[in-house]
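>>> kindly generate the corresponding structure for this input.
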Amino acid sequence: MNIHVKRFCAGFLFSWVCSVQESTIFVESKKHLKQDYKINALGESAITIDFGNLIDETINKQVIALFHLLQQQSISGVRDIIPCYSSLTIVYDPLHAALQEDFSGNYTFFKNILEQSIKNMPVKKEMPAAVIKIPVCYHQTLAPDLNLVSAKTNLAAEEIIQLHCDKIYRVYMIGFLPGFAYMGKTNERIAVPRKEMPAPLVLSGSVGLAGMQTGIYPLDSPGGWNIIGQTPLKMFDAKRQNAVLLEPGDRVQFVSISLQEFNNRRVETTHHSS
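You can find the predicted model right below:
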């Protein structure tokens, strides 16, 4: 299984990476013309380059560019390459890496690869990707938290839907679940925190809000995002050639559809995937 496919199938690893970056065993800061960064060793089998704990499109574009550059190198011993909002982690086999001719310790070996890749990364403007339209039904039967969001924001449900559909979102990363796309930024008027008590079951296709992020649950799962609608599309399907519908760097816009159209399209989607 290649790196790109493994990255999506092991979506839970993103949450692990984000949680351990606070307690790394070795940290080294560097400055570069492109962006300040820190390189952190994560135990004995992973290393992270971190450009700052924030949601920033320019930084994310650099992370994605670095991800593609590392992929092209086919580095021996690498098990996975994981791009996040503003960081990237390389997971490697420490024993396999030690067999390299220029090996000087796992941390130093991969730190040098990261720093050299940053220096060699071409500075070019990312071409705008085509906008992917995602149909969403915001009917109250599919939006269990829409009234809650309305109460928190002092906005009518119709205003929330309009604001959610007006923006074109960037897919910053895939994580939590296979195919779960973290998108942003939402209009600050509909920014609401995660729910204090996660729901025990959020249905696949559910569209949620958390902070200034929006996302779509690809599978049935517990979850703490505020659910304001549902899409009939399958965000993750292991039977498809491209198992995930969205990838980092994609641009997405939500389109409101009726409950009848949702039901019709859900039937079509189920038929095509069976």
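>>> could you list the low-confidence segments of the stretch 151-274 of the chain?
Applying pLDDT under 70 to the stretch 151-274 of the chain picks out residues 270-274.
>>> what segments of it are helices?
Listed in chain order, the helices found in the stretch 151-274 of the chain under DSSP state H, counting those that start in this stretch are 157-166, 259-273.
>>> report all helices and strands that the longest one contacts.
Just to be clear, that refers to helix 259-273. Helices and strands touching helix 259-273, by 3 or more C-beta pairs under 8 Å, 6 or more residues apart in numbering; DSSP states H and E, are strand 131-137. All C-beta spots, glycine's among them, are computed from the backbone N, C-alpha and C.
>>> who does the strand it packs on touch, helix- and strand-wise?
strand 226-230, strand 251-257, helix 259-273.
>>> buried set for it?
Neighbour-count burial for strand 131-137 flags 132, 134-137 (criterion: 16 or more other C-beta atoms under 10 Å).
>>> what's the most distant pair in those?
Across the buried residues of strand 131-137, the longest distance by C-beta to C-beta is 17.3 Å; it joins Ile132 and Cys137.
>>> tell me how far stretch 184-195 is from the chain's mean position?
Counting by C-alpha atoms, centre = their mean, to the nearest Å, stretch 184-195 is centred 16 Å from the centre of its parent chain.
>>> which residues are contacting that stretch?
By C-beta atoms under 8 Å, 6 or more residues apart in numbering, the surrounding residues in contact with stretch 184-195 are 55, 145, 148-149, 152-153, 155, 160, 163-164, 166-167, 169-170, 172, 209-214, 224-226.
>>> which one's the longest helix in the protein?
Ordering each helix of the chain by length in residues (DSSP state H) puts helix 57-73 first.
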